[in-house]
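Asker: prediction below, plus the sequence it came from.
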Amino acid sequence: MIIGKVISNVVSTRKYDSLQGYKLLVIQPYYGTQERYFVAADEIGAGEGELVLVTTGEVAGQALHRKAPVDALVIGIIDSEPSI
Amino acid sequence: MIIGKVISNVVSTRKYDSLQGYKLLVIQPYYGTQERYFVAADEIGAGEGELVLVTTGEVAGQALHRKAPVDALVIGIIDSEPSI
Amino acid sequence: MIIGKVISNVVSTRKYDSLQGYKLLVIQPYYGTQERYFVAADEIGAGEGELVLVTTGEVAGQALHRKAPVDALVIGIIDSEPSI
Amino acid sequence: MIIGKVISNVVSTRKYDSLQGYKLLVIQPYYGTQERYFVAADEIGAGEGELVLVTTGEVAGQALHRKAPVDALVIGIIDSEPSI
Amino acid sequence: MIIGKVISNVVSTRKYDSLQGYKLLVIQPYYGTQERYFVAADEIGAGEGELVLVTTGEVAGQALHRKAPVDALVIGIIDSEPSI
């Protein structure tokens, strides 16, 4: 899984119906992927600036309460940055 | 998910029958992957120059209205570039 | 999906039975992955030097006419290099 | 699969219910991925400083005794660093 | 798929029961991934120094004769290095 910070969100009016109701967050990864930024769906209410745990791939899609074509999902808010 | 710009499209006459009817777009990623370009299927009518949201992997194939061997799919047109 | 050129093929006598009958091509990617070369299965008869479209991951395995442990599959021959 | 060392763990109070009871470890990879660190779930009791084998993707989620949206899982403690 | 050379193997006494009986090989990739080394399961008896074909992701797990949380699997011994 990836640890990253919520930076902002993506607004898309024309999109798959199944994406309605999910927030699409721009995440800045700290650990777990070498991208500068990527987009993850959120249904637990992560706020801007919070540190989150993100899962990727098919398990992301399966974890959603309502099926959607999502390959990255916020699965937790991290209490404090892990000591590394 | 990946944010990228639609650059052009791929024409393939000899291909899997299941790919018939899907547009195959060349995408220039802004965020979410370090490739220079990659190909994504489209069934929502993204136009050249538009900024799109792309999902990858098995969830892409599952989201299609008709099954096809697609590992990247345009799932939304982005209203405006996110503030980062 | 990946765009790449067919370079040569891989010969493997001792292999999984399910791989029998599939050609295993060495592909030089142009776009979609940063590898120098990788191997993709082919069942549509892509020839050496041809530009092909390759899908990856589980959807590759699902698209085969006969199940095999394949994580990359040629799904189309590209008519001409896309304008980028 | 990835070989890496257990560095610390991630504490997340607000998270998916399905993640309750799994330890979330920060792993420093030695081989198998180019990340500096990533997070893997653990249900076999890997301790800090131990060398572990980690599997990724959908098979990680399937291997769990109780389903959870996990894309990386510790599947073994390695007896000694392999000779390379 | 990846082409690589078998370098050594990984010994893990404490591991998932489902991994019992599978050899876990350290592979040095030639083509198909940019890692220096990674671990793949083997059930066809690849020997040290042999060139092998490795498949990754969920198809690896599905190809096993007995289900196990494996994300990379040796699926063939390569007769001779492909001409590239």
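Answerer: Done, it's in. All of these numbers come straight from a predicted model, not from anything done at the bench.
Asker: for chain A, what lies in contact range of chain D?
Answerer: A:1-3, A:31-34, A:44, A:53, A:55-60, A:62-63, A:73, A:75-80, A:82-84 (C-beta under 8 Å from any C-beta of the partner chain). Every C-beta, even on glycine, is put in place using the N, C-alpha and C of the backbone.
Asker: quick one: which of those sit in strands?
Answerer: Residues from those lying in strands, with DSSP state E as the criterion: A:2-3, A:31, A:53, A:55-56, A:73, A:75-77.
Asker: between these, which sits nearest chain C?
Answerer: Nearest to chain C among those, counting by C-beta to the nearest C-beta, is residue A:56 at 12.2 Å.
Asker: ok so, going back, now the ones in strands among the residues of chain A next to chain D as JSON lines including neighbour count?
Answerer: Formatted as JSON lines, these follow (neighbours: other C-beta atoms under 10 Å in any protein chain shown):
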{"residue": "A:2", "neighbour count": "24"}
{"residue": "A:3", "neighbour count": "25"}
{"residue": "A:31", "neighbour count": "20"}
{"residue": "A:53", "neighbour count": "24"}
{"residue": "A:55", "neighbour count": "30"}
{"residue": "A:56", "neighbour count": "24"}
{"residue": "A:73", "neighbour count": "28"}
{"residue": "A:75", "neighbour count": "28"}
{"residue": "A:76", "neighbour count": "25"}
{"residue": "A:77", "neighbour count": "19"}
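Asker: out of those, which is nearest to residue C:68?
Answerer: The nearest member of these to residue C:68, counting by C-beta to C-beta, is residue A:56 at 25.4 Å.
Asker: before we move on, the earlier item: please identify which of the ones in strands among the residues of chain A next to chain D is nearest to chain B.
Answerer: Nearest to chain B, judged by C-beta to the nearest C-beta, of these is residue A:56 at 8.3 Å.
Asker: kindly state the beta-bridge partners for that closest one.
Answerer: On the basis of DSSP bridges, residue A:56 is bridged to residue A:72.
Asker: contact partners for it?
Answerer: Residue A:56 is in contact with A:1-2, A:33, A:71-73, D:71, counting by C-beta atoms under 8 Å, 6 or more residues apart in numbering or on different chains.
Asker: where does chain A dip in pLDDT?
Answerer: Judged against pLDDT under 70, chain A has no low-scoring part.
Asker: and the helices in it?
Answerer: In chain A, the helices defined using DSSP state H lie at A:58-63.
Asker: which residues does residue A:10 contact?
Answerer: Residue A:10 sits next to A:24-26, A:39, B:3, B:53, B:76, B:78, B:82 when contact means C-beta under 8 Å, 6+ apart.
Asker: nope, residue A:44 is what I was after
Answerer: By C-beta under 8 Å, 6+ apart, residue A:44 lies in contact with A:74-77, D:14-16.
Asker: same thing with residue A:73?
Answerer: Counting by C-beta under 8 Å, 6+ apart, residue A:73 touches A:40-43, A:54-56, A:60-61, A:63-64, D:69.
Asker: redo that, cut-off 7 Å
Answerer: A:40-41, A:54-55, A:60, A:63-64, D:69 (C-beta atoms under 7 Å, 6 or more residues apart in numbering or on different chains).
Asker: burial count for the residue in chain A that chain E sits nearest to?
Answerer: Closest contact between chain A and chain E, by C-beta to the nearest C-beta, is at residue A:58 (7.5 Å). As a burial measure, residue A:58 scores 25 neighbours (other C-beta atoms under 10 Å in any protein chain shown).
Asker: distance check, it against residue B:25.
Answerer: 23 Å (C-beta to C-beta, to the nearest Å).
Asker: got it, and residue A:23?
Answerer: Per C-beta to C-beta, residue A:23 is found 25 Å from residue B:25.
Asker: which one of the two has more residues nearby?
Answerer: Taking neighbours as other C-beta under 10 Å, residue A:23 and residue B:25 compare with residue B:25 leading, 27 against 15.
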